[in-house]
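> sequence and predicted structure below; questions after.
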There are 2 protein chains.
Amino acid sequence: MFFGEYEYKIDEKGRVPLPPRFRAHLKDGVVLIPGIEKCITAYPVAEWKKLAASFTGGTVTRRKLRQLNRALFATASYLNLDGQGRISLPPLLREYAEIVDEVVTVGTNNYFELWNSIHWEEEKAANQDQVWQIIESLEGNEGA
Amino acid sequence: MFFGEYEYKIDEKGRVPLPPRFRAHLKDGVVLIPGIEKCITAYPVAEWKKLAASFTGGTVTRRKLRQLNRALFATASYLNLDGQGRISLPPLLREYAEIVDEVVTVGTNNYFELWNSIHWEEEKAANQDQVWQIIESLEGNEGA
DNA sequence: GTATTCATACTCACCGAAAAACATCTATAT
DNA sequence: ATATAGATGTTTTTCGGTGAGTATGAATAC
């Protein structure tokens, strides 16, 4: 669903263009939450609902559930796209991901991520080798 | 499905012709990802979906899954063919594969690869011996 | 209570780049 | 020799990134 890597500038109003290929899947807007490693994770609302559902449906204690609820929902922000397919990044998330004037948008199948370009380069370098280990193992399994 | 070896020039717009024999299998476009040894791997979307599905269906931790998603999907780019059966190679992939003005397209059964012609010659030379070992062993069995 | 200012969201407009369409030429085969 | 298909080059048009302008609304000051 969401593929590839796109780089944009943030304008002085804090607006970020989303890749045109992505926009069709974001008709109902987008949900942003802070990701694990200093990036922003962005879900189309449908995926987000699925995620939230499977999450609240889990088997955890009441207390744990409250904590998880806080962590997941309290930090989430819902946004609409404007007429040009842009969103304006909430300042808190911008700080969190250390995004200043450049964003890299990275498609990762059913969601996508927004990165500071420097951090993304690091992450990419770290993960590059893995691609082929994965694919080869899959093709190995497929053949079996 | 994808057989043989074809050599083309890249025009000044970065467009690469795909072998006519391949085009029928690429009606829905093609997905490109960086290959292991400085080449570009190209999947027809159907194959890619199978690959992606078997991948995301694996049994890995959430964190690991995110990393793998990034490695696999972020580097993938989806492309349509133009009316002449060409695609325009993303600059990042061109750099990765060190493809400048000549491409060798190599069919490898259910996917195919794009190579710098020099690298391909090397690769071919390196693999040639293996081919003959295989063939000889087959002929050996046949004779028996 | 009114006025002013700041912030946010929506609309419009321009320019450059990418893609689609178009055209030409070469090579091969009949 | 002619016709067809495919490689390659050119033109045209569309799309998308970016900036500016306008409107709406909230917050503060007077």
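Thanks, I have the structure now.

> can we go C-alpha only for contacts and neighbour counts from here?
Fine.

> which residue ranges of chain A form strands?
A:5-9, A:15-17, A:30-34, A:40-44, A:77-79, A:86-88, A:102-108, A:111-115 (DSSP state E).

> now the last one: mean pLDDT?
Averaging pLDDT along strand A:111-115 yields 95.

> the fourth one too?
In this model, strand A:40-44 has a mean pLDDT of 94.

> which residues sit against that strand?
A:25-26, A:28-35, A:93, A:97, A:110-115 (C-alpha atoms under 8 Å, 6 or more residues apart in numbering or on different chains).

> which intervals of chain A have sub-threshold pLDDT?
Along chain A, the parts satisfying pLDDT under 70 run over A:55, A:57-60, A:131-132, A:134-144.

> how close does the residue sitting nearest the centre point of it sit to residue A:19?
Centroid-nearest residue in chain A: residue A:41, 2.4 Å away (criterion: C-alpha atoms, centre = their mean). Distance of residue A:41 to residue A:19, computed by C-alpha to C-alpha, to the nearest Å: 15 Å.

> repeat for residue A:120
Residue A:120 is 17 Å from residue A:19, by C-alpha to C-alpha.

> what of residue A:30?
13 Å.

> neighbour count: the two, which is higher?
residue A:30 (23 against 20; other C-alpha atoms under 10 Å in any protein chain shown).

> ok, for residue A:32, nearest residue in space, not its chain neighbours?
residue A:42 (4.6 Å; C-alpha to C-alpha, 6 or more residues apart in numbering or on different chains).

> with residue A:124 instead?
Nearest residue to residue A:124, sequence neighbours excluded (C-alpha to C-alpha, 6+ apart): residue B:71, at 7.0 Å.

> isn't that neighbour right next to residue A:128, touching?
Yes. Contact status for residue B:71 versus residue A:128: in contact at 6.0 Å, counting by C-alpha atoms under 8 Å.

> those two: who's more crowded?
residue B:71 (24 against 17).

> got the residues of chain A near DNA strand C?
Contact residues, chain A versus DNA strand C (C-alpha under 7 Å from any atom of the strand): A:13, A:80, A:81, A:82, A:83, A:84, A:88.

> give me the buried entries from these.
Neighbour counting with 16 or more other C-alpha atoms under 10 Å in any protein chain shown marks A:81, A:88 as buried within these.

> could I get the strands of chain A as JSON lines with distance to DNA strand D?
Listed next are those as JSON lines, based on distance: least, C-alpha to the nearest atom of the strand, whole Å:
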{"stretch": "strand A:5-9", "distance to DNA strand D": "4"}
{"stretch": "strand A:15-17", "distance to DNA strand D": "6"}
{"stretch": "strand A:30-34", "distance to DNA strand D": "16"}
{"stretch": "strand A:40-44", "distance to DNA strand D": "17"}
{"stretch": "strand A:77-79", "distance to DNA strand D": "17"}
{"stretch": "strand A:86-88", "distance to DNA strand D": "7"}
{"stretch": "strand A:102-108", "distance to DNA strand D": "9"}
{"stretch": "strand A:111-115", "distance to DNA strand D": "14"}
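
> make a markdown table from these and add distance to residue B:63 to it.
Converted to a markdown table, these look like this (distance: least, C-alpha to C-alpha, whole Å):
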| stretch | distance to residue B:63 |
| --- | --- |
| strand A:5-9 | 20 |
| strand A:15-17 | 27 |
| strand A:30-34 | 14 |
| strand A:40-44 | 13 |
| strand A:77-79 | 22 |
| strand A:86-88 | 27 |
| strand A:102-108 | 13 |
| strand A:111-115 | 14 |
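
> so which of these comes closest to residue B:67?
Minimum separation from residue B:67 across the strands of chain A (C-alpha to C-alpha) falls at strand A:102-108, 9.4 Å.

> the closest one near chain B anywhere?
Yes. Residues of strand A:102-108 contacting chain B under C-alpha under 8 Å from any C-alpha of the partner chain: A:106, A:107, A:108.

> need the contact list for the second one.
Contact criterion C-alpha under 8 Å, 6+ apart gives A:1, A:2, A:3, A:4, A:5, A:113, B:70, B:73, B:74 as the residues in contact with residue A:107.

> kindly recompute the last result at 6 Å.
By C-alpha atoms under 6 Å, 6 or more residues apart in numbering or on different chains, the residues touching residue A:107 are A:2, A:3, A:4, B:74.

> tell me if I'm right that the third one and residue B:71 touch.
No. Checked against C-alpha atoms under 6 Å, the pair residue A:4 and residue B:71 is beyond contact range at 10.2 Å.

> how about stretch A:12-24: buried residues?
A:14, A:15, A:16, A:17, A:18, A:19, A:22, A:23.
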